[in-house]
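Chemist: 3D, please:
(one chain, ligands or ions: 1)
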Amino acid sequence: MSIEENIIALNQEIKEICKKAGRAKDEITLIAVTKYVTIERTKEVVNAGVADIAENRLEGLLEKQAAHYDHPVTWHFIGNLQSRKVKSLINQIDYFHALDRISIAKEINKRAEKEIKCFVQVNVSGEATKNGLKPEEVIQFIDELKAFNKIKVVGLMTMAPHTKDEAIIRSVFQKLRALRDEVMNQQWEHAPCQGLSMGMSNDYQIAIEEGATHLRIGSLIVNEEG
Ligand SMILES: *Cc1c(COP(=O)(O)O)cnc(C)c1O
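Modeler: Purely as a prediction, here's the structure:
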């Protein structure tokens with residue numbers, strides 16, 4: 001299938017899962033992760049109607065962004081960000097999905113020319129290979145972000161383990177949602193925290209059922225084997 005056909009099929013699938021889960025499809029933003037593909041393929045994604053594009057490396061983001069698109073694009077950064085790269089990146093993006101250190105928050109605050117919408121990344125599964133805060137650190141971390149007036153915490157982000165065991169994936173997403181609710185209950189002005197950035201190609205169905213608001217989907221969109 002072509003990229004366009006993949007996107008049509010995916011949107012249909014998302015619609016059906018939403019319906020079964022009693023959710024409205026417009027609660028969900030589909031973000032296409034284009035880190036695997038060229039500018040040309042990224043243009044196909046945008047032309048097929050996906051307005052949200054994500055990259056996980058600074059160079060990839062700047063390269064994609066320099067191209068001309070026929071439609072407006074909202075840019076998401078989903079990778080680990082090093083302090084020295086904040087300056088070149090932060091004013092180029094609309095959303096940062098991987099905030100997990102005060103040192104980065106400080107640097108963002110110093111370099112940003114406008115408010116930056118951030119998701120705080122949480123390592124719910126506790127895998128050593130994954131970035132993010134421990135769940136028990138999240139409340140205090142977000143409380144400390146009050147000191148940085150350019151940072152708006154719009155939600156929490158996580159990556160589920162790579163496993164076929166649905167129960168494990170579901171419990172990770174449920175924990176992130178409970179944590180999100182806990183942050184929302186603080187009613188912090190700097191952290192409305194309504195968003196849940198969770199769900200990738202292999203687990204987006206479960207993520208929708210568990211309340212995801214932002215899906216980050218790569219291979220399912222750009223692979224053409226069908
Ligand atoms: C690559 C990546 C994705 C997309 O993964 P797929 O399995 O290709 O859908 C989502 N989130 C993050 C943080 C990624 O690095």
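Chemist: CA only for contacts and neighbour counts going forward, please
Modeler: Will do.
Chemist: residues from the chain in reach of the ligand?
Modeler: Neighbours of the ligand within the chain, by CA under 6 Å from any ligand atom: Val33, Asn56, Ile78, Gly79, Met200, Ser201, Arg216, Ile217, Gly218, Ser219.
Chemist: okay, and which of those residues map to strands?
Modeler: Here DSSP state E is the test, and these give Val33, Arg216, Ile217 as lying in strands.
Chemist: quick one: which of the residues of the chain next to the ligand has the most company?
Modeler: Neighbour counts for the residues of the chain next to the ligand, by other CA atoms under 10 Å, peak at Val33, which reaches 27 neighbours.
Chemist: before we move on, the earlier item: out of the residues of the chain next to the ligand, which comes closest to Thr42?
Modeler: Proximity of the residues of the chain next to the ligand to Thr42 was ranked by CA to CA; the top entry is Val33 with 9.1 Å.
Chemist: re the thing from before, is it possible to get TSV of the ones in strands among the residues of the chain next to the ligand that adds pLDDT?
Modeler: As requested, these are exported to TSV (pLDDT from 0 to 100):
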residue	pLDDT
Val33	98
Arg216	98
Ile217	98
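Chemist: mind checking how far Val46 is from Gln140?
Modeler: 38 Å (CA to CA, to the nearest Å).
Chemist: these two: which is more packed in?
Modeler: Val46 (20 against 10).
Chemist: list the contacts of the more buried one.
Modeler: The contact partners of Val46, taken as CA atoms under 8 Å, 6 or more residues apart in numbering, are Tyr69, Asp70, His71, Val73.
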